[in-house]
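Trainee: Sequence first, then the predicted structure, then my questions.
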Amino acid sequence: MTSNAWLAIDVGTAPMVRAQQLRAAWERWVDHLDRPPDPDDEDEDPEVLREPIAASWRRSYAAGVDPVAHRLAPVVVGEEEVVQRWEHHPLARAAPLIRECLAVTAEEAGQLVVVSDAAGVLLLIEGSAAVRRRAADNMNFAEGTLWSEPGAGTNAIGTALAADHAVQVFGPEHFTEEVQRWTCSAAPIHDPDTGEAIGVIDLTGDFSTVHPASLGVATATARAVETLLRLEQQERDALVRARYGDLVALDPDARALVAATGRPLTALPSAWRVPGRLLIPNGGGELRLPSGALALAQPVGPAADAYVVRTLDRPARAAGPPMCRLAALGRERALLDIDGRQVELRRRLAEILLLLSTAPHGLTAEALCAALHGDGGSPSSVRVEVSRLRKLLGPWIDTERYRLTCDLETDAQRVERLLAAGAVREAAEAYGGPLLPESDAPGIVAAREHLDGWLRQAVMTADDAEALWAWVCTDGGREDIGAWKRLLASLEFRDPRRSLAAARVGELRRALA
């Protein structure tokens, strides 16, 4: 076995000999599936089974993948949607470079050039038509299928994403038996802005085509694509600075130009005390700086991919509209804070406030009634409730078209801003539970399902054990067997939470059965 734990084989090792060793190790491992895998087992002898592969087998097992069930990778995206996803994916712009780097190597070795997204969904497969047909027939290796570890077990694409590292997977190192006639070498590609993986480049072929150079070529191609993306980002940044830098030059001690992700495009004023990035509200708006000062983020350009952030000077708060905060996550009765004065709201008033907080241009009485009651209800009853709300807020609700004219920050909006900024762990930790869980107002139900779905998807794809832990500690997450299984696969074996996760998976499986 090679000294590089991420490389399956060296030039001095006969593939068939190595395959026989690995197959024996795999069979011993499968024979012991009636008990949880132990990292100290001799079945995981590092002289036979590489640590990255052993770790991937444990994650695949914990995710519920059956190695002998003849299960094929699931189709999760239809043909038309695959085309749309690829057309809008940042790696589509790098397709000519990917072909230039890999096409010759793939053709000579009888391998396929493959690109997946950050979830492991295959978006592009190119190469020999005969190899493509065989891969599709034997293991459902086709555009639109999911090759993450939970989707297909140990494989180079899914393992590269799970480990965030380039890896080669050879023959019986694949967790599922159906894939063990193949070899693959894959490398993740990262967004130059956020550092998050946005996809994987992979070379896949028959296991007889295994060669250590394949991993080197895939890795070099991934680095070349990342360089291309970085240069494109630098060009965009320079263009934004050229167009809008004069807005900052007006007052550089109180203004800055930042990307939508909060990455500074010009120097941030030292008085702001920002350690790295700013947390920009989705679409712009007010934000609180680490220094405690209030600032305003205003989008520039039609794409709103950059913002001018400037501090606000509000010495006379009492003379203007109040600053209101609404806590409604996981609460039967929402808590409204009005300039430091706290009021517990009846459910209907909280529903109205939440609906108006998401409608900056306001709602008619009829639209607000529909969001509260669906097809039933009467606009006149809505007018009565709004008048009660005005007793709390004063004149800061327009009455012709119901619209808030004061600042209202909700805990749900804060979670959404964190998700939009890619701060998944922080979002999960800030999430206090479903939005007004007892409410059946159609507008609130839709907002609640949207937030829960967005957060769960972000947590499940973030590869962050702490984010998963925060999610399973919520009311919704406690019953989420998929999240518990993902957490079990993510935690180190010495983590005391791992035994709880294993027990919870067992409880939920028995409940489902």
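Mentor: On my side now, so go ahead.

Trainee: what residue is smack in the middle of this structure?
Mentor: Using C-alpha atoms, centre = their mean, the residue of the chain that lies closest to the mean C-alpha position is residue 458, 3.7 Å off.

Trainee: quick one: that residue and residue 419 touch, right?
Mentor: Yes - counting by C-beta atoms under 8 Å, residue 458 touches residue 419, with 5.5 Å between them. For the C-beta atoms, the positions are set from N, CA and C on the backbone; glycine is no exception.

Trainee: shared neighbours of the two, anything?
Mentor: residue 427 (C-beta atoms under 8 Å, 6 or more residues apart in numbering).

Trainee: quick revisit: how about the residue nearest to the centre of the chain, what does it touch?
Mentor: When contacts are counted by C-beta under 8 Å, 6+ apart, residue 458 is found next to 419, 424, 427-428, 467.

Trainee: Return the per-residue confidence for it.
Mentor: In this model, residue 458 is scored at 93, pLDDT.

Trainee: Kindly report the same for residue 123.
Mentor: Reported pLDDT at residue 123 in the predicted model: 97.

Trainee: Equivalent analysis for residue 90, please.
Mentor: Looking at residue 90, its pLDDT stands at 94.

Trainee: these two touch, right, residue 377 and residue 369?
Mentor: Yes - proximity of residue 377 to residue 369 meets the contact threshold set by C-beta under 8 Å, at 4.9 Å.

Trainee: These two - which one has more neighbours?
Mentor: Applying other C-beta atoms under 10 Å to residue 377 and residue 369 shows that residue 369 carries more neighbours, namely 21 against 16.

Trainee: Can you give me the buried ones in stretch 50-68?
Mentor: With burial defined by 16 or more other C-beta atoms under 10 Å, the residues of stretch 50-68 counted as buried are 50, 52-63, 65, 67.

Trainee: Show the contacting residues for residue 369.
Mentor: Residue 369 is in contact with 377-379, 381-382, counting by C-beta under 8 Å, 6+ apart.

Trainee: Flag the shaky bits of the stretch 51-200 of the chain, pLDDT-wise.
Mentor: Along the stretch 51-200 of the chain, no part satisfies pLDDT under 70.

Trainee: try 80 this time
Mentor: Counting by pLDDT under 80, the ranges of the stretch 51-200 of the chain that qualify are 71.

Trainee: just the stretch 301-450 of the chain next, same as before
Mentor: Per-residue confidence for the stretch 301-450 of the chain (pLDDT under 80) gives these ranges: 301-305, 313-323, 339-341, 360, 375-382, 390-401, 406-407.

Trainee: What are the neighbouring residues in contact with residue 121?
Mentor: Residues in contact with residue 121, defined by C-beta under 8 Å, 6+ apart, are 76-77, 82, 85, 144-147.

Trainee: Of the residues you listed, just the buried ones, PyMOL syntax please.
Mentor: If you want just the buried ones from those in PyMOL, going by 16+ other C-beta under 10 Å, the selection is:
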select buried, resi 76+77+82+85+144+145+146+147
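
Trainee: Secondary structure and distance to residue 409 for the contacts of residue 121 - can I get that in JSON lines?
Mentor: Shown next, in JSON lines, are those (DSSP: H, G, I helix; E, B strand; the rest coil; distance: C-beta to C-beta, whole Å):
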{"residue": "76", "secondary structure": "coil", "distance to residue 409": "36"}
{"residue": "77", "secondary structure": "coil", "distance to residue 409": "36"}
{"residue": "82", "secondary structure": "helix", "distance to residue 409": "39"}
{"residue": "85", "secondary structure": "helix", "distance to residue 409": "34"}
{"residue": "144", "secondary structure": "coil", "distance to residue 409": "40"}
{"residue": "145", "secondary structure": "strand", "distance to residue 409": "42"}
{"residue": "146", "secondary structure": "strand", "distance to residue 409": "38"}
{"residue": "147", "secondary structure": "coil", "distance to residue 409": "41"}
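
Trainee: and the contacts of residue 121 as JSON lines, adding distance to residue 97?
Mentor: Output for these, formatted as JSON lines (distance: C-beta to C-beta, whole Å):
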{"residue": "76", "distance to residue 97": "27"}
{"residue": "77", "distance to residue 97": "24"}
{"residue": "82", "distance to residue 97": "21"}
{"residue": "85", "distance to residue 97": "19"}
{"residue": "144", "distance to residue 97": "24"}
{"residue": "145", "distance to residue 97": "25"}
{"residue": "146", "distance to residue 97": "26"}
{"residue": "147", "distance to residue 97": "22"}
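
Trainee: Nearest to residue 311 among the contacts of residue 121?
Mentor: When the contacts of residue 121 are ranked by distance to residue 311 (C-beta to C-beta), residue 85 comes first, at 40.0 Å.

Trainee: Would you check that that closest one makes contact with residue 117?
Mentor: Yes - applying C-beta under 8 Å, one finds residue 85 in contact with residue 117, separated by 6.8 Å.

Trainee: where do the strands sit along the stretch 301-450 of the chain?
Mentor: Here the stretch 301-450 of the chain has its strands, by DSSP state E, counting those that start in this stretch, at 306-311, 323-327, 335-338, 341-344, 397-398, 403-404, 407-410.

Trainee: Roughly how far does the residue lying farthest from the centre of the chain sit from residue 400?
Mentor: Of all residues in the chain, residue 380 sits farthest from the chain's C-alpha centroid, using C-alpha atoms, centre = their mean; the distance is 43.1 Å. Note on residue 380: its distance to residue 400, by C-beta to C-beta, to the nearest Å, is 16 Å.
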